[in-house]
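Engineer: Let's see this in three dimensions:
(2 chains)
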Amino acid sequence: MSAEKSESFSIWIIGYGNPHRRDDGIGPYVVEQLSRDLGRETGIALRSLHQLDPVLAEELQGAEVVILVDATVKPLERGLLWTRVQPEQQVSPYGMHHLKPSMLAGLLESLYQRSPTTWLVSVEGNDFGFGEGLSLEAQEKAERASSEIVQFCLREFIDKGQGSINDVADGSR
Amino acid sequence: MAEPRKITINPVSRVEGHGKVVIHLDASGEVEGAQFHVTQFRGYERFCEGRPFEEMPVITQRICGICPVSHQLASAKACDAILGVEIPETAKLLRELEHMGQFIQSHALHFFYLASPDLLLGWDSDPAKRNVVGVIGAFPDLAKKGIRLRKFGQDIIKALGGKKIHPAFAVPGGVMNPLAKEDRDSLLTGFEEAFETARIGLDFIKDWVEKNLEEVRRFATYPSNYAGLVDEKGCPNMYEGKFRVVGPDRKVLAEFDPSRYLDFIAEHVEPWSYLKFPFFKPQGYPEGCYRVGPLGRLNAADAMSTPKADQALRAYRSLAREGLEGGTLMYHYTRMIELLNCLERAQTLLKDARICGKEIRITADPAREEGVGVIEAPRGTLIHHYQVDKHGAIRKVNLIVATGHNNIAMNRSVELVAKEYIHRGEVREGFLNRVEGAIRCYDPCLSCSTHALGQMPLLVQIFDPGQQLVTELKRD
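Structural biologist: Okay, the predicted model is just below:
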């Protein structure tokens, strides 16, 4: 039905957050960084969003790997953390225009019987006040996250079986 | 049980924003009154003061993530009035098309995600399952269609404004971008499936109403005034027209240029809510209660502007007799008729050769110090009213949104449900579900209505005459 052609991307990288609340814009910033390195790669979709919307489930039907990038207020040992997202068959009772990563994965599973490998890359933010642009600390962490995502994608293309992907994901490197 | 009590429901789920419900009981435990509190506050009207008026379409669309297009368009219209310009024809068609995309995505979201759990799974089903996940489990194909229909509406918005949410499109004097022919052609391919889904929704709700006539007749049903913008033929027009107010018998009480809204609408303030209470001035507060949104628009209208929707309106009219047009549950029915209407209108706009025109904006210096922009947002009439100084800086802002117009009505609906379900201080099973359901019919957006921010599960508190908490029921 859509005006947008349903392109087939095997890897989706979605950075989300509000760029008008300083470090909450880490996700969109990472996507902007990645567009330089991965923007021309066929098979990789890059998206900047304010929030995760249920309609995304429809678009992610063909995805093999989904990488979500979001800012977090929690202090992290390395400043960033890769977490494997498990589908959750529950939704917020408050409304349906934004979802947690686990709810998005749950929608994909229940609606389309699809379970792409889904990672949440959490990046620690420091300043969530009004304004544009990341704090220097957040910018450094966001750039490290971008670099790790690039390595991850390159390895996915070269050899999907490499265990080093999981090393990155576990935060052990 | 001999003392007056107070019951609080906080928060209310599956609406957009944060609020709570308080029920006041008298000494015999019967319902004395009900209040739907909106507990959030944001203050857009105040912090826009001093900003250049040209920024208002960008600033005010951030009031809401569901209907940013509506705010953007009402704002742009108010700015057009300040500029004193008539925007180019193509720009007007494009703005209306964007608005149709907004209606399609918003009505699809409400019907298929928010309202359908009550209708498909039943009022008394387990609240833990009475949500969209429950619908997906029981009716997966319908859920998918709902998602795709919402996406179609969002795709229209994105084709025009580059983004599905908070697009950059309407500006003072017109719009920012023309529509590319390939985007037009691509959008046109989506209508067959969209119409099919809208028809499924419409057939479903019509059938549901026919099978639940007694419930519809009883549930929060009462006579009220109705209001909305109409065109010269008396059809609802979502983008422009005269503002018409009709009585419970659908006789016209007033029809006026919406820029004169202050002559007919005033706002009452209650100390317990951040949401004001607009009322029809000639009848005073609270007698001047009127309802806007799908039920208000269709009850105020003579016909629909498109053939399929007009046929659906006639079927609705034959069902909505003998007071049933005041049925709060009829909001769901009328919302589906509007969805059909908006799809038909969007298709017509896209087939109009002028839609891909290149003359899309007029620039001018401010000609007036005041501008009013009024449109029909999915939830009802939206008013943006600005005053500027000689430099074009905002001096004063007044925003009246749909949920505000419906505030008296929502309170009345909650009170009616409470009176049915609470007697001698005893709360009957299913009460909480139905209070939420009554509020949800209006599809309120509390973020819009207070230009605010908040959060919502369910809490019932019972207070004694001295306002001391006696009992508390809670749903997380």
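
Engineer: show me where chain A has strands.
Structural biologist: Listed in chain order, the strands found in chain A under DSSP state E are A:11-16, A:44-49, A:65-72, A:80-84, A:117-124.

Engineer: ok, the fourth one: who's next to it in the sheet?
Structural biologist: If I follow you right, that is strand A:80-84. Note on strand A:80-84: by DSSP bridges, its sheet partners are strand A:117-124 (antiparallel).

Engineer: got the angle between the strand it pairs with and strand A:11-16?
Structural biologist: Here strand A:117-124 runs at an angle of 30 degrees relative to strand A:11-16 (axes from the mean of the first three to the mean of the last three Cα atoms, to 10 degrees).

Engineer: which residues are contacting strand A:117-124?
Structural biologist: With contacts defined as Cβ atoms under 8 Å, 6 or more residues apart in numbering or on different chains, strand A:117-124 is touched by A:26-27, A:30, A:64-76, A:79-85, A:101, A:104-105, A:138, A:141-142, A:145, A:148-149, A:169. All C-beta spots, glycine's among them, are computed from the backbone N, C-alpha and C.

Engineer: buried set for the lengthiest helix in chain A?
Structural biologist: The single longest helix within chain A, with elements called by DSSP state H, is helix A:136-158. Neighbour-count burial for helix A:136-158, counted by 16 or more other Cβ atoms under 10 Å in any protein chain shown, picks out A:138, A:141-142, A:145-146, A:148-150, A:152-153, A:155-156.

Engineer: could I get these as a markdown table with distance to chain B and pLDDT?
Structural biologist: Below are the buried residues of helix A:136-158 laid out as a markdown table (distance: Cβ to the nearest Cβ, whole Å; pLDDT from 0 to 100):
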| residue | distance to chain B | pLDDT |
| --- | --- | --- |
| A:A138 | 22 | 97 |
| A:K141 | 26 | 97 |
| A:A142 | 21 | 97 |
| A:A145 | 23 | 97 |
| A:S146 | 22 | 96 |
| A:E148 | 27 | 95 |
| A:I149 | 23 | 95 |
| A:V150 | 25 | 92 |
| A:F152 | 27 | 91 |
| A:C153 | 25 | 88 |
| A:R155 | 32 | 81 |
| A:E156 | 27 | 71 |
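
Engineer: Give the PyMOL command for selecting the buried subset of the contacts of strand A:117-124.
Structural biologist: Selecting only the buried entries of those in PyMOL, with 16+ other Cβ under 10 Å as the criterion:
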select buried, chain A and resi 26+27+30+65+66+67+68+69+70+71+72+79+80+81+82+85+101+104+105+138+141+142+145+148+149+169
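
Engineer: how close does the residue nearest to A:Q139 when sequence neighbours are not counted get to chain B?
Structural biologist: Setting aside the residues directly before and after it, A:Q139 is nearest to A:Y29 in space (Cβ to Cβ, 6 or more residues apart in numbering or on different chains), at 7.4 Å. From A:Y29 over to chain B the distance is 17 Å, taken as Cβ to the nearest Cβ, to the nearest Å.

Engineer: again, but for A:V85
Structural biologist: Between A:V85 and chain B the computed distance is 17 Å (Cβ to the nearest Cβ).

Engineer: List the residues that contact the residue sitting nearest the centre point of chain A.
Structural biologist: The residue lying closest to the centre of chain A (Cα atoms, centre = their mean) is A:L68, at 1.3 Å. Contacts for A:L68 (Cβ under 8 Å, 6+ apart) come out as A:14-16, A:27, A:52, A:85, A:101, A:104, A:118-121.

Engineer: what would the residues you listed look like in JSON lines with distance to B:A138?
Structural biologist: Formatted as JSON lines, the contacts of A:L68 follow (distance: Cβ to Cβ, whole Å):
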{"residue": "A:I14", "distance to B:A138": "29"}
{"residue": "A:G15", "distance to B:A138": "34"}
{"residue": "A:Y16", "distance to B:A138": "30"}
{"residue": "A:G27", "distance to B:A138": "34"}
{"residue": "A:L52", "distance to B:A138": "24"}
{"residue": "A:V85", "distance to B:A138": "25"}
{"residue": "A:P101", "distance to B:A138": "25"}
{"residue": "A:L104", "distance to B:A138": "21"}
{"residue": "A:T118", "distance to B:A138": "25"}
{"residue": "A:W119", "distance to B:A138": "31"}
{"residue": "A:L120", "distance to B:A138": "29"}
{"residue": "A:V121", "distance to B:A138": "35"}
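
Engineer: For A:N18, grab the count of nearby residues.
Structural biologist: Residues contacting A:N18 under the criterion other Cβ atoms under 10 Å in any protein chain shown number 17.

Engineer: can you pull the contacts of the nearest residue to it once chain neighbours are set aside?
Structural biologist: Leaving out its chain neighbours, the residue that sits closest to A:N18 by Cβ to Cβ, 6+ apart is A:D24, at 4.6 Å. Neighbour list for A:D24: A:17-18, A:71, A:125, A:128 [criterion: Cβ under 8 Å, 6+ apart].

Engineer: for those residues, which one is nearest B:C289?
Structural biologist: Set against B:C289, the nearest of the contacts of A:D24 by Cβ to Cβ is A:N18 (37.0 Å).

Engineer: The closest one touches A:D70, doesn't it?
Structural biologist: No - A:N18 lies out of contact with A:D70 (Cβ atoms under 8 Å); the separation is 10.9 Å.

Engineer: and A:P54, backbone torsions?
Structural biologist: Per-residue torsions, A:P54: phi -60, psi -30 (degrees, to the nearest 10).

Engineer: Please report how far it lies from chain B.
Structural biologist: 6 Å.

Engineer: wait, that residue sits on B:L114?
Structural biologist: No - using Cβ under 8 Å, A:P54 is not in contact with B:L114, being 11.3 Å away.

Engineer: quick one, which of the two is more surrounded?
Structural biologist: For A:P54 versus B:L114, the count of surrounding residues by other Cβ under 10 Å is larger for A:P54: 24 against 20.

Engineer: where does B:R291 land on pLDDT?
Structural biologist: For B:R291, the pLDDT comes out at 97.

Engineer: The residue lying closest to it once chain neighbours are set aside sits in which helix or strand?
Structural biologist: Leaving aside its sequence neighbours, B:R291 sits nearest to B:A409 (Cβ to Cβ, 6+ apart; 4.8 Å). Using DSSP states H and E, B:A409 falls within helix B:407-421.

Engineer: Tell me the buried residues in that helix?
Structural biologist: Buried residues in helix B:407-421 (16+ other Cβ under 10 Å): B:407-419, B:421.

Engineer: can you list the residues that contact it?
Structural biologist: With Cβ under 8 Å, 6+ apart as the test, helix B:407-421 has contacts from B:7, B:21, B:23, B:30-31, B:33-36, B:218-222, B:224, B:273, B:275-279, B:285-286, B:289-291, B:328, B:403, B:427-428, B:430-431, B:434-435, B:438-439, B:441-442, B:444, B:449.

Engineer: so where's chain B uncertain?
Structural biologist: B:1-19, B:38-42, B:65, B:127-128, B:322-323, B:445-476 (pLDDT under 70).

Engineer: what does the domain assignment say about it?
Structural biologist: When chain B is parsed with automatic domain parsing, its domains come out as B:6-39+B:406-475, B:86-222+B:327-363.

Engineer: In CSV: the ones you listed, plus distance to B:A266.
Structural biologist: Formatted as CSV, the domains of chain B follow (distance: least, Cβ to Cβ, whole Å):
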stretch, distance to B:A266
domain B:6-39+B:406-475, 12
domain B:86-222+B:327-363, 22
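
Engineer: So in chain A, where's the weakest helix or strand by average pLDDT?
Structural biologist: When the helices and strands of chain A are scored by mean pLDDT, DSSP states H and E, helix A:164-169 comes last with a mean of 43.

Engineer: gap between the most centrally placed residue in chain B and chain A?
Structural biologist: Of all residues in chain B, the one closest to the mean position by Cα atoms, centre = their mean is B:R379, 1.0 Å from it. As judged by Cβ to the nearest Cβ, B:R379 and chain A stand 14 Å apart.
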